[in-house]
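Student: model the structure of this input:
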Amino acid sequence: MISSKKYFLFFCSFTLLLFSSCDLTDDNLKQKGSTGIDPDEYYQFKEIDLRPTDLEASIFIPDETAGIGASFKANVLHVEDFKWMVSAGPNFELFIEDYGDFNSLMSEFRSKIKSKNLFKISILYDQDSLVIYKREIMNDRRIRASRIRHQSYHIYGVKRINGYNYEIKNREAGNTLKVVKFMEKSIKSLK
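Tutor: Next up is the predicted model:
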C-alpha cells in the first residue's frame, strides 16, 4: 500500500512534469502573437490587414529592411470584386483572386504549367498548396544567338480562408529568386 506522503509527492511530480512540458506559457503566446507567426522568422516583414478591402485576412509583406526595393508604403488595391493586388514597391506585387468553393485550382495549374511550349519550366519547390518555378524561354532564335538566357522566377499558391479558395501569384513577367522567396513567406502568412 502506498503511503499518502508518497502519493502526494508522486502527484506533485506528475503535475510539475505536465506543466513544464506544456507550451502555453505567456512568453510563447507573446512571441507567436495573435497570428501564430514567429516574429524571428518574419523580422523583415510587417503585417497588413486586408479587411478594409473586403478580404477577411491579413498578410505579412517585406518592409524596407528586406533589401528588395520594398521601401515604399504597402499598397492594397481591390482591382475587381474578386481580385486584389498587394504591393510593396515595384519589385513586390502579389495578385490574389477569390475562386469561391472551386477546389481544383492547384491541379489545373499543374496541368497548365506542363503544357507550356515556349518555356522550359523547372520546378524548384512543390508542396500541396505552393509551387515555385523557374521559367526560361527556349524556342527563340534571337535569344539562342545572343547566348543570353532569359529566366524568371514565379510563385503560385492556393489558400483556403473562411471557406473560400484564393489563388495567389506574382506578375506574369516574374521576379528574381530573392523576391520570390520573400513572396513565399508572405503567402504562407496569409490567414
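Student: for the rest of this, base every contact and every neighbour count on C-alpha atoms.
Tutor: Fine.
Student: where does the protein have low pLDDT?
Tutor: For the chain, the stretches with pLDDT under 70 are 1-36, 69-72, 116, 139-149.
Student: mind listing the helices for it?
Tutor: Using DSSP state H, the helices of the chain run over 4-21, 26-32, 105-114, 141-146, 177-189.
Student: neighbours of residue 52, how many?
Tutor: 10 (other C-alpha atoms under 10 Å).
Student: for residue 87, see how far away it is.
Tutor: In this view, residue 52 and residue 87 are 16 Å apart by C-alpha to C-alpha, to the nearest Å.
Student: swap in residue 110?
Tutor: For residue 110, the distance to residue 87 - C-alpha to C-alpha - is 26 Å.
Student: how close does residue 119 get to residue 137?
Tutor: Applying C-alpha to C-alpha, the value for residue 119 to residue 137 is 5 Å.
Student: swap in residue 130?
Tutor: 23 Å.
Student: if I pick the closest residue to residue 121 other than its chain neighbours, what's in contact with it?
Tutor: The spatial neighbour of residue 121 that comes closest, neighbours along the chain excluded (C-alpha to C-alpha, 6 or more residues apart in numbering), is residue 135 at 4.8 Å. Residue 135 sits next to 119, 120, 121, 122, 151, 152, 153, 154 when contact means C-alpha atoms under 8 Å, 6 or more residues apart in numbering.
Student: for the longest strand along the chain, buried residues please.
Tutor: For the chain, the strand with the greatest residue count under DSSP state E is strand 151-161. Buried residues in strand 151-161, defined by neighbour count with 16 or more other C-alpha atoms under 10 Å: 151, 152, 153, 154, 155, 156, 157, 158, 159, 160.
Student: what does stretch 41-52 give?
Tutor: Here stretch 41-52 shows 42, 44, 45, 46, 47, 48, 50 as buried, counting by 16+ other C-alpha under 10 Å.
Student: now render these as a markdown table, adding distance to residue 176.
Tutor: Below are these laid out as a markdown table (distance: C-alpha to C-alpha, whole Å):
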| residue | distance to residue 176 |
| --- | --- |
| 42 | 20 |
| 44 | 18 |
| 45 | 18 |
| 46 | 21 |
| 47 | 23 |
| 48 | 23 |
| 50 | 26 |
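Student: for residue 98, give its distance to residue 167.
Tutor: For residue 98, the distance to residue 167 equals 7 Å [C-alpha to C-alpha].
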